[in-house]
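Asks: the following comprises the amino acid sequence and a computationally predicted model.
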Amino acid sequence: MLRVLAVDDEKPLLEELLYLLRSDPRIRSAEGASDATEALRRITVALEAGPDGADGIDVVFLDIHMAGLTGLDIARLLAGFARPPLIVFVTAHEGFAVQAFDLKAVDYVLKPVRPERLAEAVRRACAQLGRAEEAPVAAEGAPPVAAAATAPAVPPPLRQAAEVTIADRTPDQIAVELGGVTRFVAIADIAYVEAQGDYARLHTDEGSHLVRIPLSTLEERWAARGFVRIHRRHLVALARIDELRLDAGTTTVRVGSAELQVSRRHARELRDLLMRQATG
């Protein structure tokens with residue numbers, strides 16, 4: 001069972017997060033800190049006590065935007081310790097996901113926090129710590145937090161979602177959930193996809209959407225739709241390439257206003273595909 005610390009400088013949100021955590025039978029104890037200073041004090045005490053100490057902390061559920069030190073600052077400080085607690089970021093902002101996973105975060109949960117999404121973060125923390133999970137039974141009157149994490153009816157893509165939940169609505173659309181709002185994006189509107197850590201960013205003419213799904217999975221899923229891998233970081237819709245340029249041994253493509261580098265291993269294949277498309 002996990003000992004957790006929740007950190008958020010907005011009291012109502014902190015109380016809600018603690019309520020959800022305490023409703024999960026995999027959580028032994030859940031304490032709160034309302035600012036970075038208090039959080040660091042509690043974590044320092046826990047580290048001094050050691051992992052088996054009475055004040056030990058296994059996981060910190062950490063907001064990012066706070067007065068003074070940010071959640072990212074706290075995570076960077078903790079990275080200097082030999083055995084720091086695991087970090088789960090809980091935030092209303094999608095733009096810090098790459099930095100979060102660079103800091104070895106276990107998960108990245110968007111506000112407003114959904115019980116089943118938080119339960120998945122707890123599951124990941126248990127798995128990383130090698131803790132056996134108990135059969136989840138929600139407390140009387142509490143939301144079905146842990147039950148949602150293991151219920152067989154939950155589709156696998158939803159089980160894998162961190163910042164964003166992905167599911168196919170129709171063969172031509174992808175559902176992107178952000179902060180409790182679901183948008184249906186036409187795959188035909190996606191110009192290219194950029195890998196960002198454990199996430200991929202879908203770029204359209206109107207903007208971008210961050211999703212937690214490997215670029216390799218999208219490459220396989222969308223190959224028949226004309227998406228090709230041009231670099232370890234980029235997957236591009238072939239029909240959206242406006243220009244191919246070779247300059248001093250470096251190959252790039254222009255996709256709208258974006259200029260993307262093509263790796264050497266993909267350059268020849270891409271040129272052949274574009275030529276066939278132009279002459280076909």
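Replies: Done, it's in.
Asks: per-residue pLDDT, Arg117?
Replies: For Arg117, the model assigns a pLDDT of 91.
Asks: burial measure for the residue lying closest to it once chain neighbours are set aside, as a count.
Replies: In space, Arg117 comes closest to Val109 once its chain neighbours are excluded; the distance is 5.7 Å by Cβ to Cβ, 6 or more residues apart in numbering. (C-beta placed from N, C-alpha, C; glycine too.) Taking other Cβ atoms under 10 Å as the criterion, the count of residues near Val109 is 21.
Asks: so which strand or helix has Val109?
Replies: strand 107-110 (DSSP states H and E).
Asks: give the rounded mean pLDDT of that strand.
Replies: 91.
Asks: who does it pair up with?
Replies: strand 86-91 (parallel) (DSSP bridges).
Asks: residues contacting the partner strand, please?
Replies: 6, 8, 17, 58-65, 71, 75, 78, 96, 100, 103-111, 113, 121, 124-125, 128-129 (Cβ atoms under 8 Å, 6 or more residues apart in numbering).
Asks: Arg183 touches His209, doesn't it?
Replies: Yes - between Arg183 and His209 there is a contact at 7.5 Å, judged by Cβ atoms under 8 Å.
Asks: overlap in contacts of the two?
Replies: With Cβ under 8 Å, 6+ apart as the test, Arg183 and His209 both reach Val176.
Asks: looking at those two, which is more packed in?
Replies: His209 (22 against 11).
Asks: give me the helices and strands touching whichever strand or helix holds Glu220, please.
Replies: Following DSSP H and E, one finds Glu220 within helix 215-222. With contacts defined as 3 or more Cβ pairs under 8 Å, 6 or more residues apart in numbering; DSSP states H and E, helix 215-222 has these neighbours: strand 190-196, strand 227-231, strand 234-237.
Asks: now do the second one against helix 215-222, angle only.
Replies: If you take axes from the mean of the first three to the mean of the last three Cα atoms, to 10 degrees, strand 227-231 sits at 150 degrees to helix 215-222.
Asks: so where is the stretch 51-200 of the chain shaky, pLDDT-wise?
Replies: For the stretch 51-200 of the chain, applying pLDDT under 70 flags the ranges 131-171, 177-182, 197-198.
Asks: one more pass at 90, please.
Replies: 51-55, 65-69, 79-83, 92-103, 110-115, 130-185, 195-200 (pLDDT under 90).
Asks: mind listing the helices for it?
Replies: Applying DSSP state H, counting those that start in this stretch to the stretch 51-200 of the chain gives helices spanning 71-78, 97-102, 115-129, 145-150, 156-160.
Asks: of all those, which one is nearest Arg232?
Replies: Proximity to Arg232 (Cβ to Cβ) singles out helix 97-102 among the helices of the stretch 51-200 of the chain, at 15.0 Å.
Asks: can you work out which other helices and strands pack against the closest one?
Replies: helix 71-78, strand 107-110, strand 199-204.
Asks: most tightly surrounded among the ones you listed?
Replies: strand 107-110 (a mean of 25; mean count of other Cβ atoms under 10 Å).
Asks: and that one, how far from the chain's centre?
Replies: 6 Å (Cα atoms, centre = their mean, to the nearest Å).
Asks: what sits against the nearest residue to Ile174 once chain neighbours are set aside?
Replies: Distance criterion Cβ to Cβ, 6+ apart; nearest residue to Ile174, sequence neighbours excluded, is Val185 at 5.3 Å. Counting by Cβ under 8 Å, 6+ apart, Val185 touches Gln173, Ile174, Ala175, Val176, Leu202, Thr204, His209.
Asks: just put those residues in a markdown table and tack on distance to Thr250.
Replies: Output for the contacts of Val185, formatted as a markdown table (distance: Cβ to Cβ, whole Å):
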| residue | distance to Thr250 |
| --- | --- |
| Gln173 | 35 |
| Ile174 | 32 |
| Ala175 | 37 |
| Val176 | 33 |
| Leu202 | 26 |
| Thr204 | 26 |
| His209 | 29 |
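Asks: farthest pair within those?
Replies: Ala175 and Thr204 (14.4 Å).
Asks: mind listing what Gly32 touches?
Replies: Taking Cβ under 8 Å, 6+ apart as the test, what Gly32 contacts is Leu5, Ala6, Val7, Asp8, Leu14, Glu15, Leu17, Leu18.
Asks: my read is it is in a strand, agree?
Replies: Yes - per DSSP: H, G, I helix; E, B strand; the rest coil, Gly32 lies within a strand segment.
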